[in-house]
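A.B. asks: Sequence first, predicted coordinates after that:
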Amino acid sequence: MTRDLHVKPLTSDTFRDLETLFAQKGCSFARDCWCMGYRLSGKVTPPEGKSLKDYRKQLIRKRARQDPAAGLIGYDTDGEPVGWVSFGPREEFARLKRSPVMKPVDDTPVWSIVCFVVPSPHRGQGVAAQMLDHAVTFAKDNGATAIEAYPIDKPERSAPQFLWFGVPSMFEKAGFVEIARRKPERPVMRLTLT
């Protein structure tokens, strides 16, 4: 079953919906990372009295007040948040620069898609694929000329909670092509926008 989703960008007004989404079953990784893991680089020391998790949440809340949006929240027909995609201009993701797998392939200015979050009850319904389609449209509308993704490509089936990068077939269906593979199970895929 595929759901028809509508999306909203992450803003101060929609931040509460992101909290609701991340509080759902199957989103424990998201509750720890708050999609800041790739926006930060190196050892991160939170301010005294704050846990790393709370500090990351504070940072994404602050990022929600900036443009372009750090991601999109997908809503079902009842208005409930059921999906999230984190993306943005590559330079926003400090960790990508030093990653042996996801470092730049060339000098092309790209937007990077780094994370999908879909709570357990909503998986297997096409939510991530729809979030990808909306992310591509949003990036294009905000001046992106190319988008990269870094999916997991394993011969055996991975547990859904470990597929926050997505899978190659989802990106292929959206027109992405593999442009590098520095590790057997980690292709770099790109969609050139015209």
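C.D. replies: Thanks, I have it.

A.B. asks: quick one: the helices in this protein?
C.D. replies: Using DSSP state H, the helices found in the chain span residues 15-22, 28-33, 52-63, 94-98, 127-141, 168-173.

A.B. asks: residue contacts, E80?
C.D. replies: T20 (Cβ atoms under 8 Å, 6 or more residues apart in numbering). Where you see a C-beta, it was placed from the backbone N, CA and C, and this is true even at glycine.

A.B. asks: Distance of it relative to G74?
C.D. replies: Here E80 is placed at a distance of 10 Å from G74 (Cβ to Cβ, to the nearest Å).

A.B. asks: same deal with W164?
C.D. replies: Separation of W164 from G74 (Cβ to Cβ) stands at 15 Å.

A.B. asks: So for the two, which sits in the more crowded spot?
C.D. replies: More crowded of W164 and G74, by other Cβ atoms under 10 Å: G74, with 26 against 22.

A.B. asks: I'd guessed the more buried one sits against A129; true?
C.D. replies: No - with contact defined as Cβ atoms under 8 Å, G74 does not reach A129; the gap is 10.7 Å.

A.B. asks: So which residues of the protein form strands?
C.D. replies: Remark: strands assigned in the chain by DSSP state E are 6-9, 71-75, 81-89, 111-117, 146-149, 177-183, 186-192.

A.B. asks: Give the other helices and strands that the longest one contacts.
C.D. replies: So the one you mean is strand 81-89. Strand 81-89 sits against helix 15-22, strand 71-75, strand 111-117, helix 127-141, with contacts defined as 3 or more Cβ pairs under 8 Å, 6 or more residues apart in numbering; DSSP states H and E.

A.B. asks: Turn the ones you listed into JSON lines, including distance to V44 and mean pLDDT.
C.D. replies: Compiled in JSON lines, the helices and strands packed on strand 81-89 are given as follows (distance: least, Cβ to Cβ, whole Å; pLDDT from 0 to 100):
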{"stretch": "helix 15-22", "distance to V44": "19", "mean pLDDT": "97"}
{"stretch": "strand 71-75", "distance to V44": "20", "mean pLDDT": "97"}
{"stretch": "strand 111-117", "distance to V44": "16", "mean pLDDT": "96"}
{"stretch": "helix 127-141", "distance to V44": "25", "mean pLDDT": "96"}
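
A.B. asks: okay, the ones you listed in TSV with distance to V101 next?
C.D. replies: Converted to TSV, those look like this (distance: least, Cβ to Cβ, whole Å):
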stretch	distance to V101
helix 15-22	25
strand 71-75	21
strand 111-117	12
helix 127-141	20
